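In: what's the 3D shape of this:
(one chain, ligands or ions: 2)
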Amino acid sequence: MAPEIVEPKPAPKSSFPKSLAGPKEAFIGGPQAYNKTAEENGTESQPAASYPNYLPVWDAETKYPPLEPFTHYEHGKNADPTFPDLFGDGISINDITPLTGAEVRGLQLSTLTDKAKDQLALFVAQKKVVVLHDQDFANLPIPEALDIGAYFGRLHIHPTSGAPQGHPEVHLVHRGADDNTAQQLLENRTNTVTWHSDVTYEHQPPGTSILYILDTPAAGGDTLFSNQAEAYNRLSPEFQKRLHGLTALHSGHEQAQNSKLRGSIVRREPVTSIHPVVRTHPATGEKALFVNPQFTRHIVGFKQEESEYLLRFLYDHIALGQDFQVRVKWAPKTVVVWDNRVTAHSATLDWANGQRRHLARITPQAERPLETPFQGLRKNVSANGVAGVGL
Ligand SMILES: O=C(O)CCC(=O)C(=O)O
Ligand SMILES: [Fe+2]
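Out: Ligands and ions are numbered 1, 2, ... in the order given. Purely as a prediction, here's the structure:
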């Protein structure tokens, strides 16, 4: 039975385990040291942005009201699992690893019919991460790209990120010539990995999401994805059983605070949500871990040390599972569609300073995370559709 929906309460300050709070977001950048005209025109050290229409502005004037609840329609749920409208002649599909990720060549996201988009939502839910090559998506007028994203759910407007002028629904990841955020981060950290699922503090966090490259550095800047359903599968039934019924508090307050401290914007007041620690995907029925070091703050009802102990184990488990992760290497015209409900991801901030890395994200929200009961030894159905043992 789905758990009773618990209205989120604000995080009690005293129980916020600082040691487990995610590192300051390293991937969003900010208005400081940013000169849009120079980025548009190029400088001596860096060529102009390939997609100047996608350069960020930080609109400090426009404020957005709290997000209203809405009924999400899951397009993957009743999609034909044989994918007849999505995959046809001339399309190649290759698993990136046996458990996570697929690369597709020969189809254009921009020309998919609604039926094909339904099937894509299901395929993405199964594979977790789908890398589409040679896409014209970034060349579409931005409203057309947004329309495609909006098919999958209500478009999220990020509370703190920069966006293309006039298109707040696009979340931008941009590092230009003067951006030294990675170096700053490494003054206090040994690596730049920041595992997270996007904006899980929202009551209805994103589902089928789209990230596309606009400018790539010469080398590096890969995006890592971890398969949270497989992370759940790897746990013993006894451990899974203990996780069921637990909920965790996710908070957007620290992200908003960090943005203010950087002199950047907060477009919507931050919220917290209480979500199940194990959620079920509405299209595949798969269960997945749903905690992340960036936004999850504590396990509801646990004492501080208990919560830290459990979350630390889960974060390490998610981060260490290289056999259920994929590393996406960006090439020009690559679009990644992934399911934020059943994955975590991290940018890799390893490229040479001064090189532009520019991506855009379209982030359709989905259902309020839902938990279904522990099923004993019956395993999730894997990405390849092979059912595990059912006892
Ligand atoms: O820069 C990246 O590779 C990922 C950025 C990110 O986390 C996001 O856009 O959600
Ligand atoms: Fe992200």
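
In: for Glu306, see how far away Gly245 is.
Out: Relative to Glu306, Gly245 is positioned 15 Å away (C-beta to C-beta, to the nearest Å). From N, CA and C alone the C-beta is placed, and that goes for glycine too.

In: now tell me what touches stretch 161-170 from outside.
Out: 28-31, 53-59, 62, 64, 142-143, 145-146, 149, 155-158, 171-172, 174, 267, 360-363 (C-beta atoms under 8 Å, 6 or more residues apart in numbering).

In: quick one: that stretch to chain centroid distance?
Out: Offset of stretch 161-170 from its chain centre (C-alpha atoms, centre = their mean, to the nearest Å): 17 Å.

In: kindly report the same for stretch 272-281.
Out: On C-alpha atoms, centre = their mean, the centre of stretch 272-281 falls 15 Å from that of its chain.

In: okay, how far is it across it, tip to tip?
Out: 21 Å (C-alpha to C-alpha, to the nearest Å).

In: repeat that for stretch 77-84.
Out: Separation of the first and last residues of stretch 77-84 by C-alpha to C-alpha is 15 Å.

In: buried residues, that stretch. List them.
Out: For stretch 77-84, a neighbour-count test (16 or more other C-beta atoms under 10 Å) marks 79, 83 as buried.

In: given the longest strand seen in the chain, what are its sheet partners and their directions?
Out: Scanning the chain for the strand with the most residues, using DSSP state E, yields strand 208-215. Here strand 208-215 is paired, per DSSP bridges, with strand 335-339 (antiparallel), strand 357-362 (antiparallel).

In: what comes into contact with the shortest one?
Out: With contacts defined as C-beta under 8 Å, 6+ apart, strand 335-339 is touched by 109, 120, 124-125, 128-132, 135, 137-138, 207-213, 223, 225, 281, 328, 345.

In: the last one now?
Out: Contact partners of strand 357-362, identified using C-beta under 8 Å, 6+ apart, comprise 49-51, 54-55, 138, 145-146, 148-149, 155, 164, 169-176, 198, 209-217, 221, 330, 351.

In: coming back round to it: tell me the helix or strand right after the longest strand of the chain.
Out: strand 223-227 (DSSP states H and E).

In: list of residues touching that next one?
Out: Under C-beta under 8 Å, 6+ apart, the answer for strand 223-227 is 99-101, 128-129, 193, 195, 211, 318-319, 321, 324-328, 330, 336, 338, 342-348, 383.

In: of those residues, buried ones?
Out: 99-101, 128-129, 195, 211, 318-319, 321, 324-326, 328, 330, 336, 338, 342-348, 383.

In: please identify the helix or strand for the closest residue to ligand 1 within the stretch 51-200 of the chain.
Out: Closest contact between the stretch 51-200 of the chain and ligand 1, by C-beta to the nearest ligand atom, is at Val173 (4.3 Å). Assessed by DSSP H and E, Val173 sits inside strand 170-175.

In: strands paired with that strand, and their directions?
Out: Short version: by DSSP bridges, strand 170-175 pairs with strand 357-362 (antiparallel).

In: for this protein, give me the ranges with low pLDDT.
Out: 1-30, 32-33, 377-391 (pLDDT under 70).

In: tell me the phi and psi of Ile91?
Out: The phi/psi pair for Ile91 (degrees, to the nearest 10) reads phi -110, psi 130.

In: the closest residue to ligand 1 within the stretch 251-391 of the chain and Thr43, how far apart?
Out: Relative to ligand 1, the nearest point of the stretch 251-391 of the chain is Ala347 (3.3 Å; C-beta to the nearest ligand atom). Distance check for Ala347 against Thr43: by C-beta to C-beta, it reads 23 Å.

In: can you check Ser251 too?
Out: Counting by C-beta to C-beta - Ser251 and Thr43 are separated by 38 Å.

In: quick one: which of those two has more around it?
Out: When Ser251 and Thr43 are compared for neighbours, Ser251 comes out ahead with 24 against 14, by other C-beta atoms under 10 Å.

In: one step back: and the contacts of stretch 161-170, which of them are in strands?
Out: 56-57, 171-172, 174, 360-362.

In: who are the contact partners of Ala177?
Out: Ala177 neighbours (C-beta under 8 Å, 6+ apart): 38-39, 43, 45-46, 354, 356.

In: how many neighbouring residues does Glu53 have?
Out: In this structure residue 53 is Asn, not Glu. Residues near Asn53, counting by other C-beta under 10 Å: 14.

In: could you find the closest non-adjacent residue to it?
Out: Pro164 (6.0 Å; C-beta to C-beta, 6 or more residues apart in numbering).
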